[in-house]
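K.L.:
predicted coordinates and the sequence they were generated for:
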Amino acid sequence: SFTEDSDLIEGCLTRRAATEICRRVGQDAHSVAQVARDFGIGWATAMDCVRRHGEPLVDDSCRIGTTQALGIDEHKVLGATKDHHTLYATSFVDVVTGQLLDVVRGRSATDVTYWLSQGKPSWRQRIEAVAIDPHAGYLKGILSVLPDVAVTVDHFHAIKLANAVIDDVRRRTQRSTLGRRGHKDDPLYRTRRLMTRGWERLSDRQREKLFFALEEGDPTGEVGAAILGKELLRESYLASTLRQAHWRLVRFYAYVAQADVPELTRLATTVSHWEQEVLSYHTTHISTGPVEAQNLVTEKIRRIAHGFRNFENYRLRLLLHSGVKWDTRPTARIRGRSPRLVA
């Protein structure tokens, strides 16, 4: 008997098999358990292959190229239990290419500052704009490292706040007029989806339905005022120039002061605090859309894996799927579905 060592063998697997396991878990987003069953090995062995071949790809200094516009957003990693609170992580995405640059624990200014400070000075100098949601911690962390960058709060998050105001006013009106929460047959509850939709997207029939619901269920007119306030805020984002957007915001502030609805006043205070970042949208023209798209991918990977408890595995799986450019060449077909020459 004899033994032979080869660089093509890694433990109980060939290098080709270990590389394919890493590719299926990373590029194809298959679960480690599923890939382990397909190869007839244990979960730990398959995960070792993912770490052994995936970590060099993630740690490659050439993985992150030039970044002109950056998107930052948080997402939930692990739900709250009796032992810990809800755990969050922050994603950094190149909004031009859609590449996931990194995922870090937490969602504070310190977390953002630390990650940005780890980048090369030449890389940081090329960042011209950053898109975020109205998060004071993110803004503080960004400006501490990139003081001259243009920070943008896009229309998605601003209008989301306005829609939340409509829901709050509607619920308060229903409790005050009906003495209870809304039911499916109540006029305001029936049309709650129409209230948050853009006015130009409503058909004539839907507008009539909404007017009737407001006339029947909104005696004080506060729900209608909240809807109009939302539309005025939307118009500021639809402006064609920065000057026009500024004056539309002024009109929004004036209307809110006249309407005297507490929830609208709170919204105007928030918008006023973030006015520079809101107006910056008209110069940068970037949004957190690619970051929100990455959040959907993150949710899919977490659902496939039935959740993660190890953050390092979680980060590795996300970066292998969305942060690494795989050079996978399709296998050449030997013959087509039917012979080329038929006798």
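P.N.:
Okay, I see it.
K.L.:
pull the CA atoms of stretch 44-63 into CSV?
P.N.:
Only the C-alpha atoms of stretch 44-63 are listed here, as CSV (Å, rounded to 0.1, in the frame of the first residue of the first chain):
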residue,chain,number,x,y,z
ALA,A,44,-19.5,21.7,8.7
THR,A,45,-17.5,20.3,5.9
ALA,A,46,-19.5,22.3,3.3
MET,A,47,-19.2,25.5,5.4
ASP,A,48,-15.4,25.0,5.6
CYS,A,49,-15.3,24.9,1.8
VAL,A,50,-17.3,28.2,1.7
ARG,A,51,-15.0,29.9,4.2
ARG,A,52,-11.8,28.5,2.6
HIS,A,53,-12.6,29.6,-0.9
GLY,A,54,-15.0,32.5,-0.2
GLU,A,55,-13.0,34.6,2.3
PRO,A,56,-10.1,35.2,-0.1
LEU,A,57,-12.7,36.6,-2.6
VAL,A,58,-14.3,38.8,0.0
ASP,A,59,-11.0,40.1,1.4
ASP,A,60,-9.5,40.8,-2.1
SER,A,61,-8.4,44.4,-2.1
CYS,A,62,-9.5,44.7,-5.8
ARG,A,63,-13.1,43.7,-5.0
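K.L.:
so which bits of it are buried?
P.N.:
Within stretch 44-63, the residues that count as buried by 16 or more other C-beta atoms under 10 Å are 45-50, 52-54, 57-58. For glycine as for every other residue, the C-beta is placed from the backbone atoms N, C-alpha and C.
K.L.:
what's the answer for stretch 64-84, then?
P.N.:
With burial defined by 16+ other C-beta under 10 Å, the residues of stretch 64-84 counted as buried are 64, 67, 69-75, 77-78.
K.L.:
pipe these into a markdown table and attach secondary structure, distance to Arg205 and pLDDT per row.
P.N.:
Formatted as a markdown table, the buried residues of stretch 64-84 follow (DSSP: H, G, I helix; E, B strand; the rest coil; distance: C-beta to C-beta, whole Å; pLDDT from 0 to 100):
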| residue | secondary structure | distance to Arg205 | pLDDT |
| --- | --- | --- | --- |
| Ile64 | coil | 51 | 91 |
| Thr67 | coil | 47 | 93 |
| Ala69 | strand | 41 | 95 |
| Leu70 | strand | 43 | 96 |
| Gly71 | strand | 38 | 95 |
| Ile72 | strand | 41 | 96 |
| Asp73 | strand | 37 | 94 |
| Glu74 | strand | 40 | 93 |
| His75 | strand | 38 | 92 |
| Val77 | strand | 44 | 91 |
| Leu78 | strand | 45 | 88 |
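K.L.:
out of the residues you listed, the closest to Tyr255 would be?
P.N.:
Taking C-beta to C-beta as the measure, Tyr255 sits nearest to Asp73 out of the buried residues of stretch 64-84, at 30.1 Å.
K.L.:
from Glu277, how far off is that closest one?
P.N.:
Separation of Asp73 from Glu277 (C-beta to C-beta, to the nearest Å): 14 Å.
K.L.:
residue ranges in this structure under the pLDDT threshold?
P.N.:
For the chain, the stretches with pLDDT under 70 are 1-6, 8, 330-343.
K.L.:
geometric centre of it: which residue is closest?
P.N.:
By C-alpha atoms, centre = their mean, the chain has its centre lying nearest to Glu292, at 2.3 Å.
K.L.:
separation between the closest residue to Leu318 other than its chain neighbours and Gln244?
P.N.:
In space, and not counting its chain neighbours, Leu318 is closest to Val103: 5.5 Å by C-beta to C-beta, 6 or more residues apart in numbering. Val103 sits 38 Å away from Gln244, taking C-beta to C-beta as the criterion.
K.L.:
which one's more surrounded, these two?
P.N.:
Set Val103 next to Gln244 and count neighbours by other C-beta atoms under 10 Å: Val103 wins out with 24 against 14.
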